[in-house]
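S.K.: heads up, no residue letters with this:
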């Protein structure tokens, strides 16, 4: 259990996502243990050839088959969850809709499904915001900011007028104002009774703005330090369209490279293929499955 806990990665929803990831690890591990010992595809889904398993059209079929049919060994379970989350998130970004995250919620026999789907929706809004800021699309950025707050509602942001704060934060970020979130906090008023609202407004600005190193150590930030730094690298790579700025993790490496490309829809195919290659390797023994 200790090894499994160390494998977990912090996410936007903190402990809830950690629990979800642990459930996924346990489930995938037990699914792999239950797979038949003879070579060839494991249970749950008939894909006679390796090429069938790797085909783009098999992605939805693999999800619909349920996690216990993937044949992922326990040692690779966390990586499988990371790659799947990246693949679905990439599809959501390419489609411009958080509804793509519903694919995670619908996976049978996958206890982590609903929580991972919720995290996917939340993260989608941050990535949409970063893309909108890069494109200088104020309306889309404001909508993504407000939707992120609506979905997450972290305690640190309680009582915030999210649409108003998002509108002002986006304006300051697009104007290139120095220390935009500190300026927004000052603009919120000086009365002692407004202290909580001021702090919450600044925290929302820092969370949805392009996080830098300084923002990641601010008190009251509704993101963990590691998550903040990860999203800072994502937003920087997207803004510069430079994949060299991307994180190197399974969860965010391929996703970030796709989002930093000029054609994310086609680049997302590589992210999907990474997950399928891993799953198909577990379903077919070496030398089995032909082509």
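M.R.: Looks like it arrived, so ask away. Since the structure is predicted, the reported quantities are computational estimates derived from the model, not experimental observations.
S.K.: and the helix or strand in which residue 125 is found, what's buried?
M.R.: Per DSSP states H and E, residue 125 falls inside helix 113-134. Using 16 or more other Cβ atoms under 10 Å as the test for burial, helix 113-134 gives 113, 115-134. Yep, even glycine has a C-beta here, placed from its N, CA and C like the rest.
S.K.: what mean pLDDT does that helix get?
M.R.: Confidence for helix 113-134, expressed as mean pLDDT, is 94.
S.K.: which parts of the helix or strand following that helix are buried?
M.R.: Sequence order places helix 138-152 as the next helix or strand after helix 113-134, per DSSP H and E. For helix 138-152, a neighbour-count test (16+ other Cβ under 10 Å) marks 140-149, 151-152 as buried.
S.K.: got it, and stretch 68-78?
M.R.: 68-72, 74, 76-78.
S.K.: also stretch 264-282?
M.R.: By neighbour count on 16+ other Cβ under 10 Å, the buried set for stretch 264-282 is 264, 267-269, 271-276, 278-282.
S.K.: now it: average pLDDT?
M.R.: 92.
S.K.: how about stretch 183-200?
M.R.: Per-residue scores along stretch 183-200 average to 72.
S.K.: can you get me the start-to-end distance on it?
M.R.: 13 Å (Cα to Cα, to the nearest Å).
S.K.: repeat for stretch 238-248
M.R.: Using Cα to Cα, the two ends of stretch 238-248 sit 15 Å apart.
S.K.: residues in contact with that stretch?
M.R.: 127, 130-131, 133-134, 210, 230, 233-234, 236-237, 252-253, 256-257, 259-262 (Cβ atoms under 8 Å, 6 or more residues apart in numbering).
S.K.: give me that answer again for 6 Å
M.R.: 130, 134, 230, 233, 236-237, 253, 256-257, 259-260 (Cβ atoms under 6 Å, 6 or more residues apart in numbering).
S.K.: just those: which are in helices?
M.R.: Of the contacts of stretch 238-248, the ones assigned to helices by DSSP state H are 130, 134, 230, 233, 236-237, 253, 256-257, 259-260.
S.K.: which single one of the buried residues of stretch 264-282 is nearest to residue 169?
M.R.: Nearest to residue 169 among the buried residues of stretch 264-282: residue 264, at 24.7 Å, using Cβ to Cβ.
S.K.: residues contacting the closest one?
M.R.: With Cβ under 6 Å, 6+ apart, residue 264 has these contacts: 94, 258.
S.K.: please repeat the previous calculation with a cut-off of 7 Å.
M.R.: 93-94, 258 (Cβ atoms under 7 Å, 6 or more residues apart in numbering).
S.K.: tell me the one among these nearest to residue 167.
M.R.: residue 93 (23.2 Å).
S.K.: give me the neighbour count for that closest one.
M.R.: 23 (other Cβ atoms under 10 Å).
S.K.: before we move on, the earlier item: what's the closest of the contacts of residue 264 to residue 203?
M.R.: residue 93 (24.9 Å).
S.K.: give me the element the closest one is part of.
M.R.: Using DSSP H and E, residue 93 falls within helix 77-95.
S.K.: which residues touch the following helix or strand past that helix?
M.R.: Downstream of helix 77-95, the first helix or strand assigned by DSSP H and E is helix 102-105. Helix 102-105 is contacted by residues 63, 88, 113-114, 116-117, 120 when judged by Cβ under 7 Å, 6+ apart.
S.K.: same question for stretch 138-156.
M.R.: Contacts for stretch 138-156 (Cβ under 7 Å, 6+ apart): 12, 121-122, 125-126, 128-129, 132-133, 157, 160, 162-163, 166-167, 169-171, 174, 200, 203-204, 208, 220, 222.
S.K.: try 6 Å
M.R.: So stretch 138-156 is contacted by 121-122, 125-126, 128-129, 132-133, 162-163, 166-167, 170, 203, 208, 220, 222 (Cβ under 6 Å, 6+ apart).
S.K.: distance from it to the middle of the chain?
M.R.: Offset of stretch 138-156 from its chain centre (Cα atoms, centre = their mean, to the nearest Å): 16 Å.
S.K.: likewise stretch 173-186?
M.R.: With Cα atoms, centre = their mean as the basis, the mean position of stretch 173-186 lies at 27 Å from the chain mean.
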